[in-house]
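A.B. asks: from the sequence below, what's the structure:
(one chain, ligands or ions: 1)
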Amino acid sequence: MEFPPRPEIFDFHGVSMTQYFTRNWEKVQNFKARPDDILIATYPKAGTTWVSYILDLLYFGQTSPERLTSIPIYDRVPFMEIAHPPMISGVELAENLSTSPRIIKTHFPVQFIPKSFWEQNCKIVYLARNAKDNVVSYFHFDRMVMIEPDPGDWNSYLKRFMEGKVVFGSWYDHVNGWWKKKQTYSNLHYMFYEDMTEDTEGEIDKLCSFLGLSPSVEEKKQIRGEVHFDSMKKNNMVNYSLFPAMEFKISKFMRKGKIGDWKNHFTVAQNEEFDEDYKNKMKDPTLQFRTEI
Ligand code: A3P
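C.D. replies: This next block holds a predicted model:
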């Protein structure tokens, strides 16, 4: 598929966005959520695909195993706000889903979520990843995805990330906004990439108890194997190798899957500046991230 030049970033209701995620705004805002819909919300590169695959396996791994080998994860778990004609939009894909529940993903900051999700009291899973690994992952992603703005060099990218001038805006506002929402909306399960890495089984158990699921020991073992980084990297249905807009020659979607890769990217000076700025932006002592384990 031919792609037009990389998109420009612009301010959209106070958040940096591109047209791929704003042009369907009205339709997205009017999306009719159902009470059993499950929304996966993340800042880009926090591990969205990982948690999407876990949820898909938990709900449909036993009942419709053919899905796993025939439908790519981005069609099983539609990306709500994406709109890139002639490709089917995320909203249409979600509306066409015949599954129950429908599992839908979004990168929207909390204030952009269509109101029907709140009205229907839908279950929402939010996954967050520490800022340093998140920005490194996002940088490599933007290099290889042709529908993202040109990332430029690492130093200028890091600056723009700190200023919130990357797609979906400020990481700091995103993770804080959703954290704050958790205080008033009880159907929100807030998870961390670092916990998932450290104790995948334990985190799957917590997810199951939030979702009201009780998979067998055997099933959980199977899921644990399926969602391991190395298994997902090899699996064409979840590694995005079938997705048209990515240049795998530049970088892979399933790139490293590590905590602490930021140390291979940040200079000492960048790290000091980042930490200083971080302290000013992350004032809530109850929201803590780990940059190494
Ligand atoms: P890296 O670029 O650091 O490797 P998203 O799905 O939100 O786009 O996030 C992608 C990031 O999650 C990538 O990070 C990818 O490697 C990582 N990831 C995906 N599946 C994973 C898994 N099973 N275990 C660990 N990391 C995973």
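
A.B. asks: name the residues that touch the host helix or strand of residue 104?
C.D. replies: According to DSSP states H and E, residue 104 maps onto strand 103-106. Residues from elsewhere that reach strand 103-106 (Cβ atoms under 8 Å, 6 or more residues apart in numbering): 37-42, 48, 52, 55-56, 59, 76-81, 90, 94, 113. All C-beta spots, glycine's among them, are computed from the backbone N, C-alpha and C.

A.B. asks: residues contacting the helix or strand following it, please?
C.D. replies: On the C-terminal side of strand 103-106, the closest following helix or strand by DSSP H and E is helix 115-119. By Cβ under 8 Å, 6+ apart, the list of residues contacting helix 115-119 from outside reads 29, 31-33, 37, 39, 124, 185.

A.B. asks: contacts only, for the residue in the stretch 51-200 of the chain that the ligand sits nearest to.
C.D. replies: Sorted by distance to the ligand under Cβ to the nearest ligand atom, the residues of the stretch 51-200 of the chain start with residue 137, at 3.3 Å. Counting by Cβ under 8 Å, 6+ apart, residue 137 makes contact with 45, 129, 255, 261.

A.B. asks: need the residues of the stretch 1-150 of the chain near the ligand, please.
C.D. replies: Taking Cβ under 6 Å from any ligand atom, the part of the stretch 1-150 of the chain that reaches the ligand is made up of 42, 44-50, 133, 137, 140.

A.B. asks: okay, now residue 11: neighbour count?
C.D. replies: As a burial measure, the neighbour count of residue 11 was computed by other Cβ atoms under 10 Å and equals 11.

A.B. asks: show me what the helix or strand where it lies is in contact with.
C.D. replies: Element membership of residue 11 [criterion: DSSP H and E] is strand 10-12. With contact meaning Cβ under 8 Å, 6+ apart, strand 10-12 is reached by 16-18, 22.

A.B. asks: cool, stretch 190-206 as well?
C.D. replies: Applying Cβ under 8 Å, 6+ apart, the contact partners of stretch 190-206 are 46-47, 50-51, 54, 58, 125-130, 133, 178-179, 182, 189, 207, 220, 223-224, 227-228, 257, 259, 289-290, 293.

A.B. asks: what's near enough to touch the nearest residue to residue 69 once chain neighbours are set aside?
C.D. replies: In space, not counting the residues next to it along the chain, residue 69 is nearest to residue 237; the distance is 6.6 Å by Cβ to Cβ, 6 or more residues apart in numbering. Residues near residue 237 by Cβ under 8 Å, 6+ apart: 68-73.

A.B. asks: from those residues, keep the buried residues only.
C.D. replies: With neighbours counted using 16 or more other Cβ atoms under 10 Å, the contacts of residue 237 contain these buried positions: 68, 72-73.

A.B. asks: related to what we said a few turns ago, mean confidence for the one helix or strand the residue of the stretch 51-200 of the chain closest to the ligand maps to?
C.D. replies: When secondary structure is defined using DSSP H and E, the element that contains residue 137 is helix 131-144. When the per-residue pLDDT values of helix 131-144 are averaged, the result is 98.

A.B. asks: returning to that earlier point: got the contacts of residue 137 as CSV, with distance to residue 165 columns?
C.D. replies: Putting these into CSV (distance: Cβ to Cβ, whole Å) gives the following:
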residue, distance to residue 165
45, 16
129, 19
255, 23
261, 22
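
A.B. asks: just among those residues, which is most surrounded?
C.D. replies: Looking at the contacts of residue 137 with neighbours defined as other Cβ under 10 Å, the largest count falls to residue 129 at 27 neighbours.

A.B. asks: surely residue 151 touches residue 142?
C.D. replies: Yes: in this structure, residue 151 sits in contact with residue 142. The criterion is Cβ atoms under 8 Å, and the distance is 3.8 Å.
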